[in-house]
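Trainee: predicted model and sequence follow; I will ask about them next.
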Amino acid sequence: MTTPWSDLRCIACARRYPATEVRYRCDCGDLLEVRHDLNRLRAESPDLRRRFDERRSIQTGPHASGVWRYHELVLPDLPIDSVVTCGEGNTPLYASAALSAAFDTADLALKHEGENPTLSFKDRGMTSGVSWAQHLGVSHVACASTGDTSAAMAAYAAHARGLEAVVFLPHEKVSPEQLAQPIVYGARTLALDTDFDGCMRLVQAVCERHPIYLLNSMNSFRLEGQKTIGLEVCQQRDWRAPDWFVIPVGNAGNVSALGKGMLEAHALGLIDRLPRIAGVQAKAADPLYRGFQGGFRERVRMDAGETLATAIRIGDPVSHDKAARIIQRFHGVVESVEEAELMDAKAAADRAGVAVCPNSGVALAGLRKLRAAGTIPADASVVVILTAHGMKFSQVDVAYHTGALAHCPPTHPNAPEPIAASIEAVCSTLGLG
Ligand code: F0G
């Protein structure tokens, strides 16, 4: 038997478990992470950068994916021809004079993870999570979700061989587009009379008692795929890390994955310096921000309040401890923004032609605040992670532009204009005489 490349290790007590063991926490109760043998990887694959660069020209098969291009760093023990992929990743970096002006940041790029197969960054984590589930031979997978994890899990489970999916959604707290996704992909869709944190507690309890594989981001194999967002950004920038990443935070898996990927890339010499990381939350659900204010001496849990950023409406983030470590390790910051701020920031990027979701609007509003405070200097290179496509939340867009959101009056409203279907009405409305 060949020696495995990876195992599971506790982030607190460093206890190790085989990667093939189904477990989400250490016996000490803390979170686990997948550890790869980076020394062996460095010794056996000294040319990783070139290998990853050569794969960029591949058009078909798993290596064409923006996740599996980095196979050696994602799940090296998984044979490449057994991955479940939908061609995720390879998402664009948007940069323009209009965006730079709108966010007062000359060197700004928006990494649009909404241009993934199910329209959110979750596809990256789900291709690795579902591939591992299939590798382990489980029959059922489940997750709690604010709407995007469930969409991705349902789609990838539908692509896998014989995997049944069950999703736990907070009833009437996800958008119609998000709700449609698990339904059409054939997942059992439970709409529960609770919030996301309630769904999260329940799905964990069910998966503890029954042979159902949990695919929330506390499953470390999800984060392995998710971390490729940062790797891909660095590769798109010719292996230069930006000065800052700005990222919205909910359950805190994505920011944890971003940091892990950057640490590994640095250890392997793929990048020569580490970026800084700013996590941003909506004020109604900002436990990580509150913890950061207190130097993370205490873990803050709260009841998440109403926010238009429904995908990050989370009061008790599962990956809190990982995220806090990453923020500290990267000399990072956590910011919190108001509803009107997030909608204004979103509208500014929308107006520049990039379809931004409210959750990503949170990150953009955070950038504005951090620029205004001078925390992020004007000459910094900044990459903001946009986590989902704006069109997953179209009801918010219409409500905002028609002035239906009392607490977020639109700065540049662009409501549809109902007029008579006549040439006279069209010409007079357009001022054509
Ligand atoms: N942005 C979007 C669009 C999301 O859907 C999520 C999380 C986040 C940001 C935050 O990422 O949780 O890793 O900190 N959505 C999860 C879900 C909770 O169920 O879809 P995180």
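Mentor: Sure thing, it's come through. Numbering: from 1, shown residues only.

Trainee: and for D344, nearest residue in space, chain neighbours not counted?
Mentor: T411 (5.6 Å; Cβ to Cβ, 6 or more residues apart in numbering). Bear in mind the C-beta positions are built from the backbone N, C-alpha and C, glycine included.

Trainee: same question for L169.
Mentor: Closest to L169 by Cβ to Cβ, 6+ apart is A191, at 5.3 Å.

Trainee: wait, what's in contact with the one you found?
Mentor: L169, P170, H171, E172 (Cβ atoms under 8 Å, 6 or more residues apart in numbering).

Trainee: wait, doesn't the residue nearest to D344 sit right on D350?
Mentor: No - T411 sits out of contact with D350 when judged by Cβ atoms under 8 Å, with a separation of 11.4 Å.

Trainee: which of these two has more neighbours?
Mentor: For T411 versus D350, the count of surrounding residues by other Cβ atoms under 10 Å is larger for D350: 20 against 12.

Trainee: surely that one touches H389?
Mentor: No - assessed by Cβ under 8 Å, D350 is found out of contact with H389, at 11.5 Å.

Trainee: near the ligand, which residues of the stretch 1-150 of the chain?
Mentor: Contact residues, the stretch 1-150 of the chain versus the ligand (Cβ under 6 Å from any ligand atom): S120, K122, S145, T146, G147, D148, T149.

Trainee: so can I have a markdown table of these showing secondary structure and distance to V130?
Mentor: What follows is these, written out as a markdown table (DSSP: H, G, I helix; E, B strand; the rest coil; distance: Cβ to Cβ, whole Å):
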| residue | secondary structure | distance to V130 |
| --- | --- | --- |
| S120 | strand | 15 |
| K122 | helix | 11 |
| S145 | coil | 14 |
| T146 | coil | 19 |
| G147 | coil | 18 |
| D148 | helix | 15 |
| T149 | helix | 12 |
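
Trainee: neighbour count, pLDDT and distance to A404 added to these, as a markdown table?
Mentor: Compiled in a markdown table, those are given as follows (neighbours: other Cβ atoms under 10 Å; pLDDT from 0 to 100; distance: Cβ to Cβ, whole Å):
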| residue | neighbour count | pLDDT | distance to A404 |
| --- | --- | --- | --- |
| S120 | 29 | 98 | 25 |
| K122 | 35 | 98 | 29 |
| S145 | 28 | 97 | 26 |
| T146 | 26 | 95 | 22 |
| G147 | 27 | 97 | 21 |
| D148 | 30 | 98 | 24 |
| T149 | 29 | 98 | 28 |
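
Trainee: ok, so of the residues you listed, who is nearest R23?
Mentor: T149 (19.7 Å; Cβ to Cβ).

Trainee: tell me who's in contact with the closest one.
Mentor: So T149 contacts K122, M126, C143, L215, N216, S217 (Cβ under 8 Å, 6+ apart).

Trainee: next one, pLDDT for the residue nearest to the second one when sequence neighbours are not counted please.
Mentor: Taking Cβ to Cβ, 6+ apart, and ignoring the residues beside it in sequence, M126 has A152 as its nearest neighbour in space, at 3.9 Å. At A152, the pLDDT value in this model is 98.

Trainee: got it, and the one 10 residues further on?
Mentor: The pLDDT attached to G162 in the predicted structure is 87.

Trainee: buried stuff in stretch 134-151?
Mentor: 134-135, 138, 140-151 (16 or more other Cβ atoms under 10 Å).

Trainee: correction: the previous question concerned stretch 252-264.
Mentor: Buried-residue list, stretch 252-264, by 16+ other Cβ under 10 Å: 252-264.
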